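S.K.: Task: produce atomic coordinates for the following.
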Amino acid sequence: MTKAFALLFLGLLAFSCSQQSTRPAAVAFHNINSKFNAIWQADRLYQELEKKAWEERKENYANTLSILPPIDSTFGQAHQQEITNLIRKASLVINRHQNSRYIDDAYLLIGHGRFLLGDLKNAVETYKYINSIEPDQDTQIQALIRLYQIYTYQKDFENAEKVEEFIKEAPLNNSQKTEFLRSKAFYHQEKGEIVLAIALLEEVAPSLGSRYERARTFYLLGQLFQNQGKYSLAKENFEKSRQIKSNYDLQLHAQIAQQKLIGDESALEKMLKEPKNEDKKSEIYMALGQMQYEKNEFNQAKVYWEKASVNNPNKGELYLQVGNMFVRQLKKYPEAAQYYDSAATYLASTHPSYAKAQKLKKSWLDYVQMTTVIRKEDSLQILGRKSLTELDAFYTQIKANQKRKLDSLNNQKKSVAPVAQALIFTRRSPSPEQQSFYFYNDMARNQGTQEFMFKWGNRTLEDFWNRKNKNTNLSTTASSPEKITAQASPSAETKPVTSTDSLAIWLAGIPRTDAQLFASNKKIEQTLFTLGKFAKLELNENELAKKTLISLLLNYPSTAYEAESLYLLYLSSYMSADKKEFKDRLADRYPESYFRQMILKMENGQLSQSKELEVQKTYEMAYATFKLGNYSDCFKECLGIQQRYPNSKLEDKIVFLMALCKGGQKDLSAYTLQLKNFTMAFPSSPLKPEAEALLKSITLNTR
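M.R.: Numbering: from 1, shown residues only. Sure, this is the predicted structure:
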């Protein structure tokens, strides 16, 4: 009888374990197993991972913080095994307890796991699915809030607004309301609506549960108020953040920000002396440098910022800031190029300013190369004005200096050699990590290259590369006469080079004849124009462009680049008087110029319909004159149309007809110039293929 009851009990228990059963016993069994087994374990894993995500994240206090911390893909990679385990635990509920009331909780945890992995696409699909299975109201709200956050991260504001409508209709408890308001503040921050973000953060900050999150939010409010110019409110919020004392790093940065706003340099210098701030000196020096910068003490700011570069995790941002100071305030462009180069090296490829730093590096290094060409030619021309006796004495002095430094270097090598040899025998064999660190690490190699170039310049790999005058502008050619001889003479390997031969080759590189001087001046003229145009169009440095182009026009008054230079000077000028001067000068010197027409276009805008009809009639009259063979009169009529009606719809036809008039007058150079101006000014005109065909025929006929 006992065995029968036992068998009956086991049978009922097995029947109640079925996932498809809706009986109370079966549902209760699966609910208990879901909640207190898989869901409990998965939720505990999620809480631990969320805590780690906050603890392991490195905040960049140099920039305005994000209200919600940015998605960190590296965290998902580092904790992939734990997150996978979280998803697996939650999936057990779906696979084994389908009649449980905790299915929606399982999907919510799966969505959270995918979010931590950075798998936003599948996370979105999971959160959407939760809303399709009639979930518990609390679970549904959590899924909607996280979905709202993801859309905001992706800057998909349209879908975020749709989700927001659903959230507003749901009854929210206090914690859900706090999380939603913080997410909405983040939404406004991402859209650039900072005033709305501030209002929401002020409401939500006191009710945040975590001390760190409260302190971080008050610090962020301080940053936002500071950016708005509300310094008293900024100081108040920095003080609130500091008083919460959540962690020392945040507390220290709040104190630095507060002292910087007050302008108390002595307090910051006192902080430098505290042993506990040894690892944070770079941030304190950054603040001191910023204070000096705002007082226009740029040289002192540079000193502090150079100290801040030691052990600074945000070194790339610092170098970018210093480079900007050298360009805008100090006007020291070669130094700025070096700092931009460093910024491009140290900034991570994922940094928002990475692309900008790369572009600035390339642009300013190109600028420095062009200025080097000008300085070199100027230096060679100075040498060219010396007598042969003076040049001979100068060359002899260079050779003597080289020999003295070479002898000194050899003596140093002899004295250091025994020590170096001893070090080789006593050095421990490096580990595989040490062996591969430098040469397999692109950032380390780039950093080494940058530091080498910053100290020594761009040196050729050869013996005695570290000679002091190796790469100077004045004696680039003079400092290496033997090298020049080896390159210039095919028989250098078989025939010894005498000092007389070396001197002759060195003298050959100095412009002393009229032809050589003319070629040197043409190189300077062309480089000055290229440099001025580059400064305006590529670097957007108007003052630098004006200075360079005015120098070109003063030193080379008959330059072929005068028309375009005047146009660029017009664009680079802020004062209306300066603009008028360059515009009038261009109109007086080059009334038919394409660049003059560009200015007229900018100043007059689009024509009215009645004006377009006038242009049409006047153009037909000019074309009739052209058909009669009166090319000179037709050209004058077309020029008059351009001046009276700039930017008309028939402008391409008018300019093309002007070119044909020059062709009819047999003025080949003017004809070619007009056609080239046409193809440059109207790249989408239907007449462009015909103009290019005419240019090609002119080229073939002149060969």
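
S.K.: Excluding chain neighbours, what is closest to L320?
M.R.: A343 (4.0 Å; CB to CB, 6 or more residues apart in numbering). Quick note: C-beta positions are derived from backbone N, CA and C, even for glycine.

S.K.: How confident was the prediction at that neighbour?
M.R.: The per-residue pLDDT reported for A343 equals 87.

S.K.: Which strand or helix spans it?
M.R.: helix 333-346 (DSSP states H and E).

S.K.: any idea how far A337 is from the residue nearest to L320?
M.R.: 11 Å (CB to CB, to the nearest Å).

S.K.: Now do whichever helix or strand comes after the helix holding A343: which elements does it pack against?
M.R.: Using DSSP H and E, the helix or strand that follows helix 333-346 in sequence is helix 354-384. With contacts defined as 3 or more CB pairs under 8 Å, 6 or more residues apart in numbering; DSSP states H and E, helix 354-384 has these neighbours: helix 315-328, helix 333-346, helix 514-537.

S.K.: The same query, at a cut-off of 10 Å, please.
M.R.: Judged by 3 or more CB pairs under 10 Å, 6 or more residues apart in numbering; DSSP states H and E, helix 354-384 is in contact with helix 315-328, helix 333-346, helix 388-426, helix 499-508, helix 514-537, helix 542-555.

S.K.: and the ones you listed, which one is worst for confidence?
M.R.: Among these, helix 388-426 carries the lowest mean pLDDT (a mean of 70).

S.K.: does A42 really touch L86, like I thought?
M.R.: Yes - the criterion here is CB atoms under 10 Å, and A42 meets it with L86 at 5.3 Å.

S.K.: shared neighbours, the two?
M.R.: Common neighbours of A42 and L86, using CB atoms under 10 Å, 6 or more residues apart in numbering, are L109, I110, H112, G113.

S.K.: Farthest-apart pair in the residues you listed, please.
M.R.: Farthest-apart pair in the shared contacts of A42 and L86 is I110 and H112; separation 7.3 Å (CB to CB).

S.K.: Overlap in contacts, those two.
M.R.: Shared contacts of I110 and H112 (CB under 10 Å, 6+ apart): A42, L86, I87, A90, A123, T126, Y127.

S.K.: tell me the mean pLDDT for stretch 89-98?
M.R.: pLDDT averaged over stretch 89-98 gives 68.

S.K.: For the helix or strand containing N677, buried residues please.
M.R.: Element membership for N677, per DSSP H and E: helix 668-681. The neighbour-count check on helix 668-681 (16 or more other CB atoms under 10 Å) flags A670, Y671, T672, L673, Q674, L675, N677, F678, T679, A681 as buried.

S.K.: which regions of the protein sit below the pLDDT cut-off?
M.R.: In the predicted model, the chain carries pLDDT under 70 at residues 1-37, 93-102, 413-501, 605-606, 702-703.

S.K.: domain ranges for it?
M.R.: 386-406+434-512, 516-590, 604-701 (automatic domain parsing).

S.K.: re the thing from before, and of the helices and strands packed on helix 354-384, who's closest to K611?
M.R.: Of all the helices and strands packed on helix 354-384, it is helix 514-537 that lies closest to K611, at 31.2 Å by CB to CB.
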